[in-house]
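>>> Structure for the following, please:
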Amino acid sequence: MSSIGAANEPIATANASPSNRRPPPRQRWVMPGQHPESHRPDIDQGPNIDQAAALAREARLPQIVAELLLARGVTTPAEAFRFLNPEAAHLHDPGLMLGMSAAVERIERAIAAREPILLYGDYDVDGTVAVVLLKTAIEMLGAPAGLVRFHVPHRLREGYGMQSAVLEQAHADGIRLVITVDTGMRAFEEAETARRLGLDLIVTDHHLPDANDAAPAALAILNPNQIGCTYPEKSLCGAAIALKLAQALLERHDPARMREKILPSFLKMAAIATIADAVPLRGENRTIAALGLRELRRPIGAGLRALFAAVALDPASRQLTGFDVAFRLAPRINAAGRMDVASEVVELFSTRDPQRATEIASKLERLNRERREVEAAALTTIEARLETDAELCACRLLLIDGDSWHRGVIGILAARVVERTAKPAIVVSIEDGPDSAIAHGSGRSVDGFPLLAAIESCADLFTRFGGHAFAVGFALPAASLPELKRRLRLYAEEHLAAREPERLLRIHAELPLDRITPVLAGWLRKLEPLGHGNPEPVFLARNARLVTAPRIMKERHLRLELAQESLARETASGSGGISPRHIPTAGGAIRAVGWGLAGLAAELGLAQGSLINLAYRIRENDHPEYGGLEVEIAGIEIAQN
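Numbering: from 1, shown residues only. A predicted model of the protein is given here:
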């Protein structure tokens, strides 16, 4: 089903005239049960209505909630209860993770012997939070001040991953135990350096092993994805693995205090990392995120309180959501690693000084503003190139390079290009090196095109590379950039030959507008936290009638007043009218708002009385004057009479 609608987030535009702008990729609706690669509804399976009805009846759920749960693999009443009511008992035993016993025993020996310990982290939310969790846990076990040290690499000067030079300096400083967090799974050379220096190495990481399933030489490796590990949850983020190690350490000494006092506090931080790192919010990840968000209503640490104040978020006034973490808290925390030094994030969440916490939180807010300004300037250049460079736009994979674009934002830039074009995109910053220019790249992909596989086909060109199906990063000599472009162009032409760029909008269930009620909205809130692997539901209402003419707000946004066609007919014939209980807005219609979709009114010829099919998300507007239930437009098509 093809239609018109909004992308997830608008991209900045250059000063090209509307007549010269290339049309955006078409939006295709993927119906429930339909495979994204299929355009033939006859070979796809829709939702199992009978199975949903049975689950709804046995679990005492609304039918629409049962349909959404089935789509998430929840098939029994017990599974439904567990999904909708996460609790600490759902967390797995950390001892099930391969390598846990050896890691715990070595850390306990280091604490007893007062051996200095180095935590080697990463510069994003996941890596910095992992350092905070493990550092706090080890110090709780009696490690004196200064015994636990940490190193968070500088994104521009060091890049991702361990560096042998840092290990050599650590050895010179008396370190004998190094614990990585959110990194290390492919650090083969650095692990050999640690062995040569006599450093014991514990790797805690969630990234996949290399293509040969090889593992670095280490005293212990904590990674559910390593060969031989039977830990049930394979998609933990790095901070969640650090949480499991902290849990194992602390439960050996005071299990009751760990469960009742410490674990709830640690879950706050682990939830932020879990949501920010976009791991699937199912299974144990959902438990961590849900319980952590619940605990965040009572932020105790000076750092959390200062961060909430900086973003004007009051967790005591309403329940936090995954959106609050992903789009308000996480960008500020990530800004430190993108624009400056991420080690200040560790200080923010470790300090007990409210004034110092406020200073750091204010700095993070400033860095995030700077990040957006740098990003917007580069986006203007990129957008202009997309409008004028026909050869570039003809490519099925877009590789866009620029001189000295800030390396901290090139991943975001690549994501913006994907949103704008619906094509895989790589953004490259060319910088001066000690001997010759170096090209640093970051890429994002689309469904059905594993970008890491494309990069691996050019492995001989890179000095460093890594990633997964949807995101990659690399470095190579700038002189090799033309050859990289040539190879990737040929690779994309071969693997994307049968596809035209399009934005996919997944419809999760059909829900007529007259079935939207406050009770249903309450049930949908129980699906939180929403995010990767547990997406916010997008519903389809067929045959919705415009009660009034479309209204344009601030020249950019679209507002519609809609009624379900069946109810509209009842009103017209005088047979009962529209019940406000079913459509809870004044005047017998429900508001629909389309952010950035003002142009749709003219493009589709919308007018009072128009009949449309509407893809939408349910929203609860808390405005004191015109609040209530409304819907956010995700896509519109003209309905066939």
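>>> Point out where this structure drops to low pLDDT.
In the predicted model, the chain carries pLDDT under 70 at residues 1-23, 34-47, 211, 566-588, 626, 641.
>>> quick one, domains of it?
2-68+505-638, 90-279, 296-388, 392-500 (automatic domain parsing).
>>> Start and end of the second one, how far apart?
Start to finish, the residues bounding domain 90-279 are 18 Å apart (Cα to Cα, to the nearest Å).
>>> Could you do the third one as well?
Start to finish, the residues bounding domain 296-388 are 48 Å apart (Cα to Cα).
>>> Check which residues of stretch 444-455 are buried.
R444, S445, V446, F449, P450, L451, L452, A454, I455 (16 or more other Cβ atoms under 10 Å). Placement of C-beta: from N, CA and C, glycine included.
>>> how far out from the middle of the chain is it?
Its chain's C-alpha centre and that of stretch 444-455 lie 17 Å apart, by Cα atoms, centre = their mean, to the nearest Å.
>>> quick one: secondary structure of the nearest residue to L69 once chain neighbours are set aside?
Nearest non-adjacent residue to L69, counting by Cβ to Cβ, 6 or more residues apart in numbering: A80, 5.5 Å away. Classification of A80 by DSSP: H, G, I helix; E, B strand; the rest coil places it in helix.
>>> quick revisit: distance to I288 for the domains of the chain - can I get that in CSV?
Formatted as CSV, the domains of the chain follow (distance: least, Cβ to Cβ, whole Å):
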stretch, distance to I288
domain 2-68+505-638, 10
domain 90-279, 5
domain 296-388, 12
domain 392-500, 21
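>>> Need the winner for burial among those domains.
Counting by mean count of other Cβ atoms under 10 Å, domain 90-279 has the highest mean neighbour count of the domains of the chain, with a mean of 20.
>>> Following the chain onward from the longest helix along the chain, which element is next?
With secondary structure taken from DSSP state H, the chain has its longest helix at helix 354-388. With elements assigned by DSSP states H and E, the helix or strand that comes after helix 354-388 is helix 390-394.
>>> then that following helix to PDB, C-alphas only?
Extracted in PDB, the C-alpha atoms of helix 390-394 (Å, rounded to 0.1, in the frame of the first residue of the first chain):
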ATOM      1  CA  ALA A 390      22.600  14.100 -10.300                       C
ATOM      2  CA  GLU A 391      25.400  11.600 -10.500                       C
ATOM      3  CA  LEU A 392      25.500  11.200  -6.700                       C
ATOM      4  CA  CYS A 393      21.700  10.900  -6.500                       C
ATOM      5  CA  ALA A 394      21.700   8.200  -9.100                       C
END
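>>> How far off centre is that helix?
For helix 390-394, the distance to the chain centre is 30 Å (Cα atoms, centre = their mean).
>>> so what does that helix touch, helix or strand wise?
helix 354-388 (3 or more Cβ pairs under 8 Å, 6 or more residues apart in numbering; DSSP states H and E).
>>> and the helix it packs on, what does it pack onto?
Helix 354-388 packs on helix 302-310, helix 330-339, helix 343-350, helix 390-394, strand 398-403, helix 410-421, going by 3+ Cβ pairs under 8 Å, 6+ apart.
>>> and for the shortest one, what are the contacting residues?
Residues lying outside helix 390-394 but in contact with it, judged by Cβ atoms under 8 Å, 6 or more residues apart in numbering, are R22, R385, L386, L398, I400, T421.
>>> tell me which element the nearest residue to I221 once chain neighbours are set aside falls in.
With Cβ to Cβ, 6+ apart as the criterion, I221 has its nearest non-adjacent residue at 4.6 Å, and that residue is V203. Assessed by DSSP H and E, V203 sits inside strand 200-204.
>>> Export only the CA atoms of that strand, formatted as CSV.
Provided in CSV are the C-alpha atoms of strand 200-204 (Å, rounded to 0.1, in the frame of the first residue of the first chain):
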residue,chain,number,x,y,z
ASP,A,200,45.1,-9.7,33.6
LEU,A,201,42.3,-8.8,31.1
ILE,A,202,38.6,-9.2,31.7
VAL,A,203,36.5,-8.3,28.6
THR,A,204,32.9,-7.3,29.1
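>>> So L452 versus F465, what's the distance?
Distance check for L452 against F465: by Cβ to Cβ, to the nearest Å, it reads 8 Å.
>>> for R28, same thing?
32 Å.
>>> tell me which of the contacts of helix 390-394 is nearest to D432?
I400 (19.5 Å; Cβ to Cβ).
>>> Look up the residues forming beta bridges with that closest one.
V427 (DSSP bridges).
>>> In contact with it, which residues are there?
I382, R385, L392, V417, A425, I426, V427, V428 are the contacts of I400 under Cβ under 8 Å, 6+ apart.
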